[in-house]
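> Here is my input, please return the structure:
(2 chains)
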Amino acid sequence: MAKQILRINMSDLSATYEDVPEKWAKWAGRGLTSLIVADEVDPTCHPLGPNNKLAIAPGWVSGSPAAPSSGRTSFGAKSPLTGGIKEANSGGLSSQKIAKLGLAAIIIEGMPADGKFYEIFVNKDGVKFEDAADLLGKGMYETADLMWEKYDNKPAVIGVGPVGERKLSNAGISVNDPENSPGRYAGRGGLGAVMGARGVKVMIVDDKGGPGVEIADMDLFKTARKKVADAMGEHALTKVEGGLWQFGTNVLMNIINEAGGLPTRNFSAGQFEGAAKISGEAVKENIEIRGGVGKYHHACHPGCIMQCSSIYPNTDGSKFVSVIEYETSWALGANCGIDDLEYIAQATWECNDIGLDTIEAGNTIAIAMDGGYLEFGDTEGALKLFDEMRDGTPLGRVLGQGVEATAKAFGVYRVPTVKGQSMPAYEPRAIKGIGVTYATTVMGADHTAGYTIAPEIAGVGGKVDPLDNADKGDLSLTFQAATAFIDSTGYCLFIAFPILDIPEGWAGMAESVAGVTGIEMTGDDVIAIGKEVLKIERLFNEAAGFTPADDRLPEFMRDEALPPHNVKWDMEDEVLDKVFDWVHD
Amino acid sequence: MATIQITLTLYGPLAKFAGGKYIAQKAVELEEHKTIRDLMDKFEIPYDQKSYLFINNILSDMPGLNASLNEALKDNARVGIFSQQHMYPYQYRDGLPMSDALTKELSEREGGAMHNTYS
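Down below sits the predicted model:
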């Protein structure tokens, strides 16, 4: 059975199943959401208005039998945070379930004429709409619990918290994990506001009895799948007992801090004296001491073999929160001058419940601190800010808009954003290469936009000089293209670690896509396919009014030297302008 | 013989060499002109168990390499040594200040600094 597009029109509460247009047939995941947005959304539209759409798509291999760590769901729209095209992807239950219903994508369009919010239920028999008035104002923890009480078969719960209901620009889209915790977010870019603006509080996806995912060439798929799994199982970072398995993504906290690249106290320093207390090592030690349901090497979706998630317990061993990612611990911790892991766990829970991207939320609080509203390190005051956002007070509505709006409200000049989105946990003055990606990606400052693929594996050849600025533009483009491809596969981006070092894994990634889809493809095609996605996205942003002047880091990074290395951002604009100069060739 | 004071931090499984579980920090007194090799020997840390190594926030070694062993330590130096379990993907260290010895070592390798492990 060929895949279909499920189009949900919130203006008249209708749902239609459509054949996948030939133009879209090749694509999945990010490639498909970006193509849908480019084809169907006016680049100049208001992101919260009737002409924006939310596209949701599993990756090429999502839902296929035992493709390892392949449960990512792409969400795409015009972003209210950046004003440009956006793709944010999430783990959790949704990707495999949407795929197993035979759907290439779900498009949510229109806005309810009655201004109400709705609960949407999707299964093999179709789509049902229900007034969600009883859910309004509820956080995602309660919402997820209610949905699993109401519906059988442990469905995927895709929803927005109170911040998304209010259509604020830091609203993420929550997806539940296998324990029905709402800690998996398509967090960045305010896509929760786009979902809220469509009048959707929550969408339930039950795949029971669905047609499943057809495999075009099972032999090829099995061989390729094994290559990917073997690479992941072999590599020091992703294998059982490896870095991700042991300490999660927060294994990076101490190492970035030692490198002097950990943004601290609103990007005013590159090293935080309290980093060790909020690191993955500290999280693991507490998990071991507290016991109970606490767990490291936890899977955020079925079939993940890297298991970089964890469950952080309370002191009595009961569940506190899942998961304290590196970027989360950094944004809510180091960047606010906070070294209290219990506060970070609570603040993470608040973000998960209210429906906030943790990076933008932490950076926003740091801005409020830099602006003098709170002292850096004030955990009590910071928790009250989450109450403001939950309750929708005037201050909470400003904070819920993210860093740039808050910086204006508090008169802060040190604003660490690109294209309206705040930077993640890697200081571009100290780590210059990532600054090129922050500056040039269409997504706004995004650490996941340019994941590393070794040049020789990617087929672009050459040797990398880590100190040569001129190299960094070409490298960033290669990385961005590779990332765009991986984001389209449904594989977790962390497969990039093993396939960087193990060429068979790189080949297996592409060949597994070929095995599932029947599209002829090898590892040598990955960068070219990724560049197709980048071109679609770049042209959308140009039509939305973006110019090369938007591909810049903020002014203060050229003016203020960052300790401990006392470095400024000194990348030439010409290097940045070259990264995407090929899209009009 | 004059002595120097340094601060050593060991991360992950290496912490056990200085009495910690996952992080151990020690003030260490050494004779002048001692090196990273001497420091690791003092704590009986096998060279092949270190990965990324920093001296005063300068990246000085990588997994599978031994670019830092002959680095002489100065008074008040801060040394951080990570285990083989620690990841540090390329894009998060691309353009980072590195020691001369590590820069030379990487410049002579195909692929430069790209990989997570070397052998």
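
> Grab the nearest non-local neighbour of the residue of chain B found nearest chain A.
At 2.6 Å from chain A, residue B:94 is the closest residue in chain B, using CB to the nearest CB. Backbone N, C-alpha and C define where each C-beta goes, glycine included. Distances taken as CB to CB, 6 or more residues apart in numbering or on different chains put residue A:433 closest to residue B:94, at 2.6 Å, once the chain neighbours are dropped.

> Pull the contacting residues for the one you found.
A:466, A:472, A:475, A:476, B:90, B:91, B:93, B:94, B:95 (CB atoms under 8 Å, 6 or more residues apart in numbering or on different chains).

> Then residue A:305?
Residues counted as contacts of residue A:305 (CB under 8 Å, 6+ apart) are A:68, A:69, A:229, A:232, A:233, A:238.

> From chain B, how far off is the closest residue in space to it that isn't next to it in sequence?
With CB to CB, 6+ apart as the criterion, residue A:305 has its nearest non-adjacent residue at 4.8 Å, and that residue is residue A:68. Plainly put, residue A:68 is 18 Å away from chain B if you go by CB to the nearest CB, to the nearest Å.

> Give me the neighbour count for residue A:68.
Per other CB atoms under 10 Å in any protein chain shown, the neighbour tally for residue A:68 reads 24.

> same check, this time on residue A:148
16.

> Check the residue in the stretch 1-150 of chain A that chain B sits nearest to and give its pLDDT.
Residue of the stretch 1-150 of chain A nearest chain B, by CB to the nearest CB: residue A:69 (15.3 Å). On the pLDDT scale, residue A:69 is placed at 93.

> just checking, it touches residue A:232?
Yes: counting by CB atoms under 8 Å, residue A:69 touches residue A:232, with 6.9 Å between them.

> Looking at those two, which is more packed in?
residue A:232 (29 against 26).

> would you say the more buried one is within a strand?
No: per DSSP: H, G, I helix; E, B strand; the rest coil, residue A:232 lies outside any strand segment and is helix.

> isn't residue A:133 right next to residue A:116, touching?
Yes: between residue A:133 and residue A:116 a contact is recorded at 6.8 Å, counting by CB under 8 Å.

> These two: which has the busier surroundings?
Counted by other CB under 10 Å, residue A:133 and residue A:116 do not tie: residue A:116 has more neighbours, with 15 against 12.

> Residue 7 - how many residues pack around it?
No chain was given, so I picked chain A. Neighbours around residue A:7, by other CB under 10 Å: 19.

> looking at chain B here, not the other one
13.

> same question, the one 10 residues further on
The burial metric for residue B:17, expressed as a neighbour count using other CB under 10 Å, is 19.

> Distance check, residue A:171 against chain B.
On the measure of CB to the nearest CB, residue A:171 and chain B end up 28 Å apart.

> which residues does the nearest residue to that residue once chain neighbours are set aside contact?
Nearest residue to residue A:171, sequence neighbours excluded (CB to CB, 6+ apart): residue A:192, at 3.0 Å. Applying CB under 8 Å, 6+ apart, we find residue A:192 in contact with A:160, A:161, A:163, A:164, A:171, A:172, A:173, A:174, A:355.

> quick one on the thing from earlier: quick check, nearest of the contacts of residue A:433 to residue A:154?
Using CB to CB, residue B:91 is the member of these that lies nearest residue A:154, at 36.2 Å.

> Spatially nearest residue to that closest one (excluding sequence neighbours)?
residue A:452 (4.8 Å).

> pretty sure the one you found is in a helix, no?
No: secondary structure of residue A:452 (three-state DSSP): coil, not part of a helix.

> secondary structure class for the residue nearest in space to the middle of chain B?
Nearest residue to the geometric centre of chain B (CA atoms, centre = their mean): residue B:53, 2.4 Å. Following three-state DSSP, residue B:53 is assigned to strand.

> sorry, back to before: let's see the pLDDT reported for the residue nearest to residue B:94.
89.

> what about it, which SS state?
helix.

> pLDDT-wise, which helix or strand of the chain ranks last?
You didn't say which chain, so I picked chain A. None of the helices or strands of chain A scores lower by mean pLDDT, DSSP states H and E than helix A:455-458, at a mean of 65.

> wait, I meant chain B there
helix B:100-107 (a mean of 92).

> What does the residue nearest to residue B:91 show for phi and psi?
When quoted as degrees, to the nearest 10, the phi and psi of residue A:452 stand at phi -70, psi 130.

> I'd guessed it sits against residue B:113; true?
No: between residue A:452 and residue B:113 there is no contact under CB under 8 Å: 10.2 Å.

> Any regions of the chain where pLDDT drops low?
Let's take chain A. A:454-468, A:470 (pLDDT under 70).

> wait, I meant chain B there
By pLDDT under 70, the weakly predicted segments of chain B are B:119.

> show me where it has helices.
B:36-42, B:100-107 (DSSP state H).

> wait, residue A:469 sits on residue A:573?
No: at 11.4 Å, residue A:469 does not count as touching residue A:573 under the criterion of CB under 8 Å.

> what about these two, which has more around it?
Neighbour count, other CB under 10 Å: between residue A:469 and residue A:573, residue A:469 has more, with 16 against 12.

> That one and residue A:432: what is the separation?
7 Å (CB to CB, to the nearest Å).

> Which pair of the contacts of residue A:305 spans the longest distance?
A:69 and A:233 (11.1 Å).
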